[in-house]
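> Pasted the sequence and its predicted model underneath.
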Amino acid sequence: MKKIIIISLIIFEMSASVKSCIASNISIAEAIKNKLITVKVKSNSGLGAACLNLKITNLKNRKLNIDLEAGRMFIPSDSNVQNLILVKHEIYELKPNQTLSKNLNALCAQKHDNCPGKDLVFKLGNFAIGQPKQFAVWVDEKEYFKNDNVQNAMWVFTDNTEPSFNIYNEKDREMLAFVAKAKNWNYDKLLAKFTGNETRKPEVFVSNKIFSSTLTFDVSEPRTLRIVLCDKNNNVVQECLKNEVLPIGTNVKHIDITNDNFEPGKYYLKVYIDDKMIRRREILIH
């Protein structure tokens, strides 16, 4: 009888030991609330990939799996700076009493507020509500973190801005389709607009006037921009911008063209990113 009891105790102790080694996921908010962890969040400056740094410490003498969900907000200590929305789901496996330092991928939720400078303190917030959260989860599922259009698309949902897409590939088309469906817009018309295939009346400029255009480019990695003016035979008649490198982020370019030396007729303003034409605008000079 004693042998049976001893064996049972050993089995029970082994089972308890195994259970203590298995850590189920717990949300970061619950872990903070229950004082299982501490977190410190600072900005790395800029937006997008690795814009925030999270330092997380396990306060317990056991393993923890911390769940940081896409759609979670981060609130800056400076109210003039943008709130940020996490777009990449993370799970952190913390050993007993371990401290980890990890970079986070987040997007701006307030277009007209300031961009965070380096080492600005942020605190964990609640989830974004409605379409901004849905879009953040979609970006995470698609792993479209480095897509050039992702920030502008988020502003469509958070700030109700006009969409401004650079169409390079199928990922861009898919994101535009998501935005169009969510906002109940006509996808085909938007695609035509951003690929230069929109049917519209050409802009007309009279001699001795100046053609002006302001273009915005949101890029997640450095890109090369070239803008040219071509005649009806596609001959380049003026280099407006020649192989200018666009840094990561939002880039605004203003183009002025004097038409004094041009013959009346049709001309085309063409925009190239990395040698691929992304926009074409017809100009009619009288």
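Great, that's in hand.
> which residues does the closest residue to residue 281 other than its chain neighbours form a beta bridge with?
Closest residue in space to residue 281, ignoring its immediate chain neighbours: residue 269 at 4.4 Å, by CB to CB, 6 or more residues apart in numbering. For glycine as for every other residue, the C-beta is placed from the backbone atoms N, C-alpha and C. With DSSP bridges as the criterion, the beta-bridge partners of residue 269 are residue 229, residue 281.
> Surely residue 269 is in contact with residue 240?
Yes. Assessed by CB atoms under 8 Å, residue 269 is found in contact with residue 240 at 7.4 Å.
> Now do the shared contacts for the two.
227, 228, 229, 255, 257 (CB atoms under 8 Å, 6 or more residues apart in numbering).
> Generate a PyMOL selection restricted to the buried subset of these.
In PyMOL, a selection of the buried entries from the shared contacts of residue 269 and residue 240 looks like this (16 or more other CB atoms under 10 Å):
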select buried, resi 227+228+229+257
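> Please identify which of the shared contacts of residue 269 and residue 240 is nearest to residue 103.
Distance to residue 103, by CB to CB, is smallest for residue 227 among the shared contacts of residue 269 and residue 240, at 34.1 Å.
> Report the next helix or strand after the helix or strand harbouring that closest one in sequence order.
In the assignment (DSSP states H and E), residue 227 maps to strand 223-231. Remark: after strand 223-231, the chain's next helix or strand is strand 236-246, criterion DSSP H and E.
> For that following strand, list every residue counted as buried.
Going by neighbour count (16+ other CB under 10 Å), the buried part of strand 236-246 is 237, 238, 240, 246.
> just stretch 263-271 next, same as before
267, 268, 269, 270, 271.
> Which of these sits closest to residue 135?
Comparing the buried residues of stretch 263-271 against residue 135 with CB to CB places residue 271 closest, at 26.1 Å.
> how about that closest one, what does it touch?
Contacts of residue 271 (CB under 8 Å, 6+ apart): 215, 225, 226, 227, 277, 278, 279, 280.
> Dump those into a markdown table; add distance to residue 181 and pLDDT as well.
Converted to a markdown table, those look like this (distance: CB to CB, whole Å; pLDDT from 0 to 100):
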| residue | distance to residue 181 | pLDDT |
| --- | --- | --- |
| 215 | 26 | 77 |
| 225 | 30 | 92 |
| 226 | 33 | 93 |
| 227 | 32 | 92 |
| 277 | 27 | 83 |
| 278 | 22 | 80 |
| 279 | 23 | 81 |
| 280 | 26 | 80 |
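> Going through those residues, which ones are buried?
215, 225, 226, 227, 278, 279.
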